[in-house]
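> The sequence and its predicted three-dimensional model are supplied below.
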Amino acid sequence: VQLVESGGGMVQPGGSLRLSCAASEFGFSSYAMSWVRLAPGKGPEWVSTISTTGGPAYADSVKGRFTITRDNAKNTVYLQMNSLRPEDTAVYYCNAETPPLNIEGSTVNYWGQGTQVTVSS
């Protein structure tokens, strides 16, 4: 599985960006898709996940401002980011998790190369 993120950039506080993550996998619809971000000097932070049935989940830090969606026909997941804050500055990574592969419930995770989001005036 190859994941390619796009849509990052620089925006002023209060602005919006939409990130995209295109997957090369035919079985995209069976993968849970997530966004994780890495800010300078901080550890990885989970941002959002969308299940195979489209159910979203969000970190408290982005709830009400970010929206995750998926288009299985295009093998793409999106992250609409509104009301951006300087603390949202980070490299955003797309993650794809397979369904359980064995009786033990093991899964495999795939990662994109990341896209930089900078929120600054």
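Thanks, I have the structure now. Numbering: from 1, shown residues only.
> So the residue of the chain most remote from its centre: helix, strand or coil?
Distance from the C-alpha centroid of the chain, by Cα atoms, centre = their mean, peaks at residue 103 (27.7 Å). Secondary structure, DSSP: H, G, I helix; E, B strand; the rest coil: residue 103 is coil.
> Kindly report the same for residue 87.
helix.
> Tell me, how many residues neighbour it?
Close neighbours of residue 87, defined as other Cβ atoms under 10 Å, add up to 11. (Each C-beta comes from the backbone N, C-alpha and C, glycine too.)
> Sketch out the strands for the protein, chain order is fine.
Taking DSSP state E to define them, one finds strands in the chain at 3-6, 9-11, 17-23, 32-38, 44-50, 56-58, 66-71, 76-81, 90-97, 109-111, 115-119.
> so what secondary structure elements neighbour the second one?
Using 3 or more Cβ pairs under 8 Å, 6 or more residues apart in numbering; DSSP states H and E, the elements in contact with strand 9-11 are strand 115-119.
> and the strand it packs on with strand 17-23, angle?
Orientation check (axes from the mean of the first three to the mean of the last three Cα atoms, to 10 degrees): strand 115-119 against strand 17-23 gives 170 degrees.
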